[in-house]
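K.L.:
I need the structure of the sequence given here:
(chains A, B, C and D)
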Protein chains: 4
Amino acid sequence: MERTYRLVISCPDRTGIVAKVSNFLATYNGWITEASHHADQKTGWFFMRNEIKASSMSFDLESFRIAFEPIAKEYSMTWSVTDSDIKKRVVLMASKESHCLADILHRWHSNELDAEIVAVISNHNDLRRMVEWHEIPYHYVPVDKDNKSAAFAQVSELVEQYQTDAIVLARYMQILPPDLCEVYAGRVINIHHSFLPSFAGAKPYHKAYDRGVKLIGATCHYVTQDLDEGPIIDQDVIRVSHRDSTEDMVRLGKDVERTVLSRGLRCHLEDRVIICENKTVVFN
Amino acid sequence: MERTYRLVISCPDRTGIVAKVSNFLATYNGWITEASHHADQKTGWFFMRNEIKASSMSFDLESFRIAFEPIAKEYSMTWSVTDSDIKKRVVLMASKESHCLADILHRWHSNELDAEIVAVISNHNDLRRMVEWHEIPYHYVPVDKDNKSAAFAQVSELVEQYQTDAIVLARYMQILPPDLCEVYAGRVINIHHSFLPSFAGAKPYHKAYDRGVKLIGATCHYVTQDLDEGPIIDQDVIRVSHRDSTEDMVRLGKDVERTVLSRGLRCHLEDRVIICENKTVVFN
Amino acid sequence: MERTYRLVISCPDRTGIVAKVSNFLATYNGWITEASHHADQKTGWFFMRNEIKASSMSFDLESFRIAFEPIAKEYSMTWSVTDSDIKKRVVLMASKESHCLADILHRWHSNELDAEIVAVISNHNDLRRMVEWHEIPYHYVPVDKDNKSAAFAQVSELVEQYQTDAIVLARYMQILPPDLCEVYAGRVINIHHSFLPSFAGAKPYHKAYDRGVKLIGATCHYVTQDLDEGPIIDQDVIRVSHRDSTEDMVRLGKDVERTVLSRGLRCHLEDRVIICENKTVVFN
Amino acid sequence: MERTYRLVISCPDRTGIVAKVSNFLATYNGWITEASHHADQKTGWFFMRNEIKASSMSFDLESFRIAFEPIAKEYSMTWSVTDSDIKKRVVLMASKESHCLADILHRWHSNELDAEIVAVISNHNDLRRMVEWHEIPYHYVPVDKDNKSAAFAQVSELVEQYQTDAIVLARYMQILPPDLCEVYAGRVINIHHSFLPSFAGAKPYHKAYDRGVKLIGATCHYVTQDLDEGPIIDQDVIRVSHRDSTEDMVRLGKDVERTVLSRGLRCHLEDRVIICENKTVVFN
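P.N.:
The predicted model follows:
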């Protein structure tokens, strides 16, 4: 893949934004390889993502930022520019179930995921061998109802120490504390089973079985303090029938979960997701 | 299509049911063209559907019933046998939106649906011309908050008068009264939008838009007194993105709704759906 | 829907195109409601579609064209600008099967399709009543092996007389003559069944059945002189199993065909499809 | 999972087969947990699969076979009965690409696949470490154009030595010799990319890209001497667009390939697939 800069912008919509930004890029000979725009009619907000050949501009990232800042100010932009060569540092968190973790690790191992997986943190030791085969450090941080704050202090410390850019909850069966959610807002990705209709509380697959649903699904979303209510990145479903037992549903659910989580993670890593209020714009 | 008898059975599971039923059929030279079985491990209930060439048996339906009754009793069966040549008499109910109604009417017109559509009842007059083109009687029964019981008395009368076998709510925007639900239990089919997660109350598409869902869906189900909580016959979804406005979602939702309703109706008409508690077995 | 201008461009890729075009739009206060870009890495070609609020520019379409022409020349653009208020004039062609025609007519009748359906031409009379109910002229132009050139002369004349912008072959079971294909290049849309693998020649559904395929599909494409080999606009599939007879496959195939044709047509009508060599860029 | 016997039958269709078989089972108190039938109207062939609780019958497999043989003869059945506790011995063959292999290994490792994976044979050494982590023997059998017969003699020997029940070509980029195909007819499973339309010859993804297809797919099939023309077990597709490069298509294609192969393999392992001429009946 050719090295690119990714310029991602959101701002109140008005005339001339694209002209301003593309002029800026053209002025410095920026060769745009991919551009996506979106104007949300309802919120009056504008979103833009440009991918520019790094070699076409004489800028490094710092100079880019300095040069672009006045434009960003003029248009009240929330914005970022990233370098495709600087891989995001990702911490994976898991519990006992391996399906999501194994999928992400294999994609990473096959050079499919544009990230550096710097560590795995788990409240169990079950997946240590799988992780260590990939030569990734494995941190066992047990969590029980009496040690929660100590445990999450340790998690926070690890995450900080690894200079983490993104946290992926690959079926991590614990709820992150509010402060961690806040510090890493928009950078913690979770996967959650989903049904039509939804089933609140425990044992959702049993409830789905009892209700005879014909589709089971999964939702990949950013973690916020409202459990499983954060901005959705991706979703998918799989067909089931009366022939499928609860166990079959769980198994099929795993397939959807890992697919959707990897797909959502990929979009996040390529700076394709912009959060706006409680929803996302995904430029894929 | 060759004429068949459809023998549909549900009963507590035990050894020998299939042997008993298939012996019965073999004794009278019944040629089975399609057979489906299901044993629900959780409820311990057994379900069976046989389709038999009518010409292979010397029976008419009445004799079939008399001859089978003792077996049914022995195994505590809930059962029915129907003749594929006797089409179910269907009443469609609609309001102003035409997408589901038009789809069903076209399939019926193209001989795709194995039913007799005996009437359309609507609380509006908008769709009269479309229905009458198909030479189907159209009954305008306005419903407002002051005349509900009178209106539904008229609906009940019409439905009875037409010797209705099944009622299809093709986007009929009124709630059927409990007594009608009860009399036609397992024979009233509805279509309902569905989301992951679900959104309660009014304007669900607006809520889905605000939440940035990536899939919108529809559920076809039997109507029970618990609104939209009846046994599910079929479901499907369609992908949406941030580019889709609420209007786009409504439009795409229509496509899923009509597809799922027609598919569910087809299963019902061919006696492929068995209700058990609040779920279905669909032998398709 | 608010009135917009749709500016659609393809040209050799180079630095500064977006800047040039967006500057042009900003200069005249054009408010961009939707913008899509694509750079094909392989052909080195650039594609762009802008949708601009008509009310935001002081231009009418003619002035727009005059003002933009120098830019188009400078960048060797193939381009067009259309007004969303000027609906495309569409002629539908059909034979005996109604599924695609009925679907398009119903969407048009429900104001879902942004087009004027000016006429239906058919080599049979079967669908006349359905078409005339919609108050659309129906032209019966029989085609047999001895009168082909006369018949298609008549078709050409009708098409010209109606000032047709687009022709939709809604299961029209005749091959258009090369000259008509050429005159209407990029403006004749066809729907064709598709399988994995594909089956050449007659009775493809029978071959698909004999091969036990698990998916059947449909492809919506522009008609070129190479039969069914033109640029693909959209495709979809539906799942089948051993339980589905050839007749079931045909029936299910119809559902895919009509869905894909309507979806492809919608993209065409909104100027979302750009043809490049034998493929398309679809900005949806 | 409770231990079951799986009785799988195909024979010319006639009256009384189900009665005969289910009587046989009832006579020995066989508790049927799952039963599937199919009558192919076109070939006049009948297919049946029964799953029976092993604990409900006093039989072992050998006695079952002896007792059933006369019935099988009477109805000219091709049949088998297997014990769910006796896992099939599977040899995986791979080359350099890991996506299908890793997926199968992970499912096996997670106890999702009801099989014993006895060995991996590869014409490269790249995947040795991954396989050996799973404690499965890895055999490196290089194949080049000069040593083919020697290499495949070694493969045959290995396969025989492992008492292999099924061979899975998990992206094994070599063509099996006809004699191996024949010996293992109906027991070698392959995965193959598929497109609508299909593209013959080398570099299919490049051709698919140049043609602008909107769906890419994969077909899981039994290997016969006609390359990629054997009976289809399962198929699936994934949506692509002009935004996807050839590399993206290859990557997305991998996701479909591994999903479809694992799904097809699962059906095979549970004796759910019956081959009839060049097609399959899949009782899932």
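K.L.:
what about the helices in the stretch 151-284 of chain A?
P.N.:
Counting by DSSP state H, counting those that start in this stretch, residue ranges of the helices within the stretch 151-284 of chain A are A:178-183, A:204-211, A:246-269.
K.L.:
closest to chain D out of those?
P.N.:
Taking CB to the nearest CB as the criterion, chain D comes closest to helix A:246-269 out of the helices of the stretch 151-284 of chain A, the separation being 6.2 Å. Where you see a C-beta, it was placed from the backbone N, CA and C, and this is true even at glycine.
K.L.:
Export stretch A:116-134 to CSV, keeping only CA atoms.
P.N.:
The C-alpha coordinates for stretch A:116-134 follow below in CSV (Å, rounded to 0.1, in the frame of the first residue of the first chain):
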residue,chain,number,x,y,z
GLU,A,116,0.3,-2.9,15.8
ILE,A,117,-1.2,-5.2,18.4
VAL,A,118,0.9,-4.2,21.5
ALA,A,119,-0.7,-6.4,24.1
VAL,A,120,-3.6,-8.5,25.2
ILE,A,121,-5.2,-8.0,28.6
SER,A,122,-7.5,-10.7,30.0
ASN,A,123,-9.3,-11.5,33.2
HIS,A,124,-8.5,-15.1,32.6
ASN,A,125,-5.5,-17.1,31.6
ASP,A,126,-7.1,-19.4,29.0
LEU,A,127,-6.0,-17.6,25.9
ARG,A,128,-2.4,-17.0,27.0
ARG,A,129,-0.9,-19.7,24.8
MET,A,130,-2.7,-18.5,21.7
VAL,A,131,-1.6,-15.0,22.2
GLU,A,132,2.0,-15.8,23.1
TRP,A,133,2.3,-17.9,19.9
HIS,A,134,1.9,-14.6,18.1
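K.L.:
ranking the helices of the stretch 151-284 of chain A by burial, who's on top?
P.N.:
helix A:246-269 (a mean of 21; mean count of other CB atoms under 10 Å in any protein chain shown).
K.L.:
Now do that helix against helix D:246-269, angle only.
P.N.:
170 degrees (axes from the mean of the first three to the mean of the last three CA atoms, to 10 degrees).
K.L.:
quick one: helix A:246-269 to helix A:204-211, angle?
P.N.:
Angle, helix A:246-269 to helix A:204-211, by the same axes, to 10 degrees: 130 degrees.
K.L.:
before we move on, the earlier item: in TSV, list the helices of the stretch 151-284 of chain A along with mean pLDDT.
P.N.:
What follows is these, written out as TSV (pLDDT from 0 to 100):
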stretch	mean pLDDT
helix A:178-183	94
helix A:204-211	88
helix A:246-269	97
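K.L.:
between those, which one is nearest to chain B?
P.N.:
Checked against CB to the nearest CB, the stretch from these lying closest is helix A:204-211, at 6.1 Å.
K.L.:
hmm, back to that, can you lay out the helices of the stretch 151-284 of chain A as a markdown table showing distance to D:Arg211?
P.N.:
Formatted as a markdown table, the entries for these read as follows, by distance: least, CB to CB, whole Å:
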| stretch | distance to D:Arg211 |
| --- | --- |
| helix A:178-183 | 47 |
| helix A:204-211 | 40 |
| helix A:246-269 | 25 |
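K.L.:
Relative to chain C, which of the ones you listed is closest?
P.N.:
Within those, the stretch nearest chain C is helix A:246-269; the backing value is 14.9 Å (CB to the nearest CB).
K.L.:
chain center to that closest one: distance?
P.N.:
13 Å (CA atoms, centre = their mean, to the nearest Å).
K.L.:
Could you confirm whether that helix reaches chain D?
P.N.:
Yes - with CB under 8 Å from any CB of the partner chain as the criterion, chain D is reached by helix A:246-269 at A:251, A:255, A:259.
K.L.:
Might you report the residue contacts of the first one?
P.N.:
Under the criterion of CB atoms under 8 Å, 6 or more residues apart in numbering or on different chains, the contact partners of A:Arg251 comprise D:Glu112.
K.L.:
cutoff 10 Å now
P.N.:
Applying CB atoms under 10 Å, 6 or more residues apart in numbering or on different chains, one finds that A:Arg251 lies in contact with A:99, A:205, A:244-245, D:107, D:110, D:112, D:266.
K.L.:
Check whether stretch A:183-193 comes near chain B.
P.N.:
Yes - if you take CB under 10 Å from any CB of the partner chain as the test, stretch A:183-193 does meet chain B, through A:192-193.
K.L.:
What residues sit buried inside that stretch?
P.N.:
Buried residues in stretch A:183-193, counted by 16 or more other CB atoms under 10 Å in any protein chain shown: A:184, A:186-193.
K.L.:
And the nearest residue to A:Phe59 once chain neighbours are set aside, how close does it get to chain D?
P.N.:
If the residues on either side of it in the chain are set aside, A:Phe59 comes closest to A:Tyr28, at 6.2 Å by CB to CB, 6 or more residues apart in numbering or on different chains. Taking CB to the nearest CB, to the nearest Å as the measure, A:Tyr28 and chain D are separated by 25 Å.
K.L.:
For the residue nearest to A:Trp31 when sequence neighbours are not counted, report the pLDDT, please.
P.N.:
Spatially, and ignoring its direct neighbours in sequence, A:Trp31 is nearest to A:Ser56 (3.7 Å; CB to CB, 6+ apart). What the model reports as pLDDT for A:Ser56 is 94.
K.L.:
how many other residues sit next to A:Ser56?
P.N.:
18 (other CB atoms under 10 Å in any protein chain shown).
K.L.:
now swap in the one 10 residues further on and tell me
P.N.:
Residues within reach of A:Ile66, counting by other CB under 10 Å, total 10.
K.L.:
Same question for A:Ser241.
P.N.:
Here the neighbour count serves as a burial measure; for A:Ser241 (other CB under 10 Å) it reads 16.
K.L.:
hang on, it packs against B:Ser36?
P.N.:
No - with contact defined as CB atoms under 10 Å, A:Ser241 does not reach B:Ser36; the gap is 11.2 Å.
K.L.:
what's the overlap in contacts for these two?
P.N.:
Shared contacts of A:Ser241 and B:Ser36, defined by CB under 10 Å, 6+ apart, are found at B:281-284.
K.L.:
From the contact counts, what lies against the helix or strand bottoming out on mean pLDDT in chain A?
P.N.:
When the helices and strands of chain A are compared on mean pLDDT, DSSP states H and E, helix A:204-211 comes out lowest with a mean of 88. Using 3 or more CB pairs under 10 Å, 6 or more residues apart in numbering or on different chains; DSSP states H and E, the elements in contact with helix A:204-211 are strand A:188-195, strand A:215-222, helix A:246-269, strand B:279-282.
K.L.:
residue contacts, the residue nearest to A:Phe59?
P.N.:
A:52, A:56-59, A:63-64, A:67-68, C:15.
K.L.:
Among these, which lie within strands?
P.N.:
Counting by DSSP state E, the part of the contacts of A:Tyr28 found in strands is A:Ile52.
K.L.:
Counting neighbours, which of the contacts of A:Tyr28 end up buried?
P.N.:
Buried residues within the contacts of A:Tyr28, defined by neighbour count using 16+ other CB under 10 Å: A:52, A:56-57, A:59, A:64, A:68, C:15.
K.L.:
so which pair among those residues is furthest apart in space?
P.N.:
Pairwise distances among the buried ones among the contacts of A:Tyr28 were taken by CB to CB; the largest, 17.2 Å, belongs to A:Phe68 and C:Thr15.
K.L.:
which bits of the stretch 151-284 of chain A sit near chain C?
P.N.:
Within the stretch 151-284 of chain A, the positions near chain C by CB under 10 Å from any CB are A:Arg239.
K.L.:
The stretch 1-150 of chain A too?
P.N.:
That would be A:2, A:13-39, A:41, A:46, A:48, A:50-53, A:56-57, which are the residues of the stretch 1-150 of chain A within reach of chain C (CB under 10 Å from any CB).
K.L.:
Any quick PyMOL command for the buried ones out of those?
P.N.:
Buried residues within the residues of the stretch 1-150 of chain A next to chain C, by 16+ other CB under 10 Å, are selected in PyMOL with:
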select buried, chain A and resi 13+15+16+17+18+19+20+21+22+23+24+25+26+28+30+31+32+33+34+35+36+37+38+39+46+48+50+51+52+53+56+57
